[in-house]
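Undergrad: Predicted model and sequence follow; I will ask about them next.
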Amino acid sequence: MNTTYAMTSPTLHRTFLAVSIALMSASVCVAQTPATPDAPPATPTTPAAGEAKPESPDAKGATPEGKGNQRRPRRPAVQPEAAAPAAPAEASPLAPLAWLEGCWSSNVNRRETREHWLPLRGNLMLGMSQTVLQGKTQDYEYLRIESRPEGIYYVALPSGQNATSFKYEGKTTETMGDRNDDLYTFTNPTLEFPQKIVYRRATQGWLYASVSGKVAGNAKEVTYPMRRIDCETGEVIER
């Protein structure tokens, strides 16, 4: 075995040296071979006739990716809806009574009575009456004039009592002497007193409110002369 090894070693050494030289030569050839150039960029294609031209990334309105400020289309401004016009007071069947609006004052037998009517709105007039004697309230009542299918009604709700309705009979004019007064009459024949309420609209800011009927079978009438006043100051207004 020793003899065989001594004869074989020089041969193996020469073979290994030849293989090493061959590998080194191949590496040098590969290093000297020029690299294959990259493929040239594609030539932009011209759009055919009638074909839409693609937009450039820099076109107006475009935003570079990642900037976070992409322009959004504007929304049309929302116009507020116009409020429906209120129905004019003249269109209401209560229009002939709209002149009652405001404050009225009466002083009879040291009793001060004030009657306050709000403007005609929503086909309804609301009022309130208060009577004061020596600084104390004697009585009060809530009033309203309203339209019903069967006509116009004057509704009174006195303090401590039930509401009572009086039907509007219409307007008449009285021309006794030099007078030219308009009378507005409301009635309820089912009652004893009052059966009738009359608002007499006179000149120079005067209003005469009369209530009449029967008490113990006898006719009775009470009239409250009233003047139009300023609701805040209480000063008389002539009109």
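TA: Received, thanks.
Undergrad: So in the chain, where's the weakest helix or strand by average pLDDT?
TA: helix 2-32 (a mean of 47; mean pLDDT, DSSP states H and E).
Undergrad: neighbours around Trp206, how many?
TA: By other CB atoms under 10 Å, the residues close to Trp206 number 16. C-beta: built from backbone N, CA, C; applies to glycine.
Undergrad: Read off the pLDDT value for it.
TA: In this model, Trp206 is scored at 94, pLDDT.
Undergrad: hang on, it packs against Arg227?
TA: Yes - contact criterion CB atoms under 8 Å: Trp206 and Arg227 qualify, at 6.2 Å.
Undergrad: ok, back up a step: moving C-terminal of the least confident helix or strand of the chain, what's the next helix or strand?
TA: strand 102-108 (DSSP states H and E).
Undergrad: Tell me which residues of that next one come out buried.
TA: Gly102, Cys103, Trp104, Ser105, Ser106 (16 or more other CB atoms under 10 Å).
Undergrad: Counting by contacts, list what the helix or strand where Glu115 lies packs against.
TA: Glu115 belongs to strand 111-117 when assigned by DSSP H and E. Counting contacts by 3 or more CB pairs under 8 Å, 6 or more residues apart in numbering; DSSP states H and E, strand 111-117 is packed against strand 102-108, strand 124-133, strand 136-148, strand 218-229.
Undergrad: The first one pairs with which strands, parallel or anti?
TA: Translated: strand 102-108. Neighbouring strands of strand 102-108 in its sheet, by DSSP bridges, are strand 111-117 (antiparallel), strand 218-229 (antiparallel).
Undergrad: what's the longest one in contact with?
TA: It refers to strand 218-229. Residues outside strand 218-229 that contact it (CB atoms under 8 Å, 6 or more residues apart in numbering) are 102-106, 108, 113-115, 193, 205-214, 235-239.
Undergrad: Taking those, please make a ChimeraX selection of just the buried ones.
TA: To isolate the buried subset of the contacts of strand 218-229 in ChimeraX, counting by 16+ other CB under 10 Å, use the following:
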select :102,103,104,105,106,113,114,115,193,205,206,207,208,209,210,211,212,213
